[in-house]
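*Asks:* How does the following fold in three dimensions:
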Amino acid sequence: MALLAAQMSFLLGADQTSNQTLCKITAMTIHYLYMCVFCWMLVEGINLFIKVVLVFNTEKSKLMYYALLGWGMPIVIVAVCAGVAWGQYATKSSCWIGSGNPLIWSFAGPAAVIILLNLILLCIVARILYRSIRSVDKAGSDKIKAFWTATKGTLTLTPLLGITWIFGFMAVGGATLVFQYIFIVLNSLQGVLFFLFFCFLNKEVREKVKRLFEKMKLSSAQFSSSSVAPEKPLMMTEKNRAEMRRRMSTTVDTTLQGNDLNEERLKQHKEISMKVEVSAPVSLPEPLG
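*Replies:* So this is what the prediction gives:
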């Protein structure tokens with residue numbers, strides 16, 4: 001988020017020099033946002049070091065400390081710079097700190113320190129990974145595959161930790177045109193690299209996105225089935241009405257005939273029962289003794 005805001009602020013506001021006061025505020029905003037970018041890169045490096053090296057010290061949440069470092073430290077840097085050298089924050093040609101201005105070190109100095117710290121942390125993490133791979137008893141092909149996976153993971157961390165900004169320091173002067181092109185390409189694609197390595201190529205992220213799409217598809221199917229309009233009743237023609245009346249009359253006649261037949265059978269059954277009762281002899285009980 002800080003990187004997106006910094007890039008958009010620089011692209012939209014760096015050349016708005018008509019109002020010098022607004023131009024200075026724009027330069028301060030860009031300075032703050034880029035300092036946030038670098039501070040969050042340092043947060044990523046520290047978090048990576050804690051996860052890999054200090055494995056048993058990851059129970060407590062450090063989000064509050066990370067937020068203070070990522071968003072709070074740049075406020076201190078920019079506030080000090082604005083208080084000391086407010087008039088040097090912008091030039092007549094751009095709303096940014098000029099390269100010949102000593103104030104540029106308020107940006108380049110912290111950035112260089114953060115890049116150096118992240119480079120050291122990345123080397124420590126890579127050393128631990130390679131040592132752990134070497135200590136595991138694996139076949140030659142499996143060990144080579146593990147080394148390649150660790151190398152690929154280390155390389156993908158370089159844009160996240162700001163290591164590519166090293167080319168920005170190398171791209172000072174006219175004789176370093178190659179480094180300028182490398183710096184421009186790598187850092188203009190920094191957001192794309194973040195998305196590619198940590199979203200698109202991340203198996204966890206892909207699985208979560210897949211489950212989200214499946215849930216959305218299921219919800220859409222349920223909504224479609226519940227919102228289907230009821231079928232319209234068929235129009236009754238005169239022929240259909242006549243056929244229905246005929247069937248109803250047939251059903252009624254059959255029911256009445258069945259009732260008459262049942263009454264006739266019940267009457268015959270009663271007459272047979274009365275004849276049997278009259279003709280049956282009466283047996284008296286035998287005397288006792």
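*Asks:* name the element the spatially closest residue to Ala5 that is not a sequence neighbour belongs to?
*Replies:* Spatial nearest neighbour of Ala5, chain neighbours left out: Leu33 (5.1 Å); criterion: CB to CB, 6 or more residues apart in numbering. Quick note: C-beta positions are derived from backbone N, CA and C, even for glycine. According to DSSP states H and E, Leu33 maps onto helix 20-52.
*Asks:* shouldn't Pro159 be in contact with Leu193?
*Replies:* Yes. Between Pro159 and Leu193 a contact is recorded at 4.5 Å, counting by CB atoms under 8 Å.
*Asks:* Show me which of the two is the more surrounded one.
*Replies:* Remark: of Pro159 and Leu193, Pro159 carries more neighbours, 22 against 16, as counted by other CB atoms under 10 Å.
*Asks:* Nearest residue to Met41 in space, please, no chain neighbours.
*Replies:* Distances taken as CB to CB, 6+ apart place Gly162 nearest to Met41, at 4.0 Å, with adjacent residues excluded.
*Asks:* State the pLDDT value of that neighbour.
*Replies:* Per-residue pLDDT puts Gly162 at 82.
*Asks:* swap in Gln268?
*Replies:* At Gln268, the pLDDT value in this model is 60.
*Asks:* show me the contacts for the residue nearest to Met41.
*Replies:* Applying CB atoms under 8 Å, 6 or more residues apart in numbering, we find Gly162 in contact with Val37, Phe38, Met41, Ala111, Ile114, Ile115, Asn118.
*Asks:* Hmm, Phe147 is touching Ile133, no?
*Replies:* Yes. The pair Phe147 / Ile133 is scored as a contact, 6.0 Å apart, by CB under 8 Å.
*Asks:* out of those two, which sits in the busier spot?
*Replies:* Between Phe147 and Ile133, Ile133 has the larger neighbour count (other CB under 10 Å), namely 17 against 14.
*Asks:* returning to what we had before: which other residues reach the helix or strand that the helix holding Leu33 is followed by?
*Replies:* Proceeding N to C from helix 20-52, the next assigned helix or strand is helix 63-67, under DSSP H and E. Residues outside helix 63-67 that contact it (CB under 8 Å, 6+ apart) are Val43, Ile46, Asn47.
*Asks:* can you pull the buried residues of helix 63-67?
*Replies:* By 16 or more other CB atoms under 10 Å, the buried positions in helix 63-67 come out as Tyr66.
*Asks:* on that earlier part again, any idea how far Lys152 is from the residue nearest to Ala5?
*Replies:* Going from Leu33 to Lys152 by CB to CB, to the nearest Å gives 30 Å.
*Asks:* what do you get for Arg246?
*Replies:* From Arg246 to Lys152 the distance is 82 Å (CB to CB).
*Asks:* wait, isn't Leu22 in contact with Gln16?
*Replies:* Yes. Counting by CB under 8 Å, Leu22 does reach Gln16; the two are 6.9 Å apart.
*Asks:* From the centroid of the protein, which residue is nearest?
*Replies:* Geometric centre of the chain, nearest residue: Val209, 6.2 Å, by CA atoms, centre = their mean.
*Asks:* Between Leu33 and Lys152, tell me which one has more neighbours.
*Replies:* Between Leu33 and Lys152, counted using other CB under 10 Å, Leu33 has the larger neighbour count: 21 against 12.
*Asks:* Met8: which element?
*Replies:* Taking DSSP H and E as the criterion, Met8 maps to helix 2-13.
*Asks:* Just the buried residues of that helix, please?
*Replies:* Neighbour-count burial for helix 2-13 flags Ala2, Leu3, Ala5, Ala6, Gln7, Ser9, Phe10, Gly13 (criterion: 16+ other CB under 10 Å).
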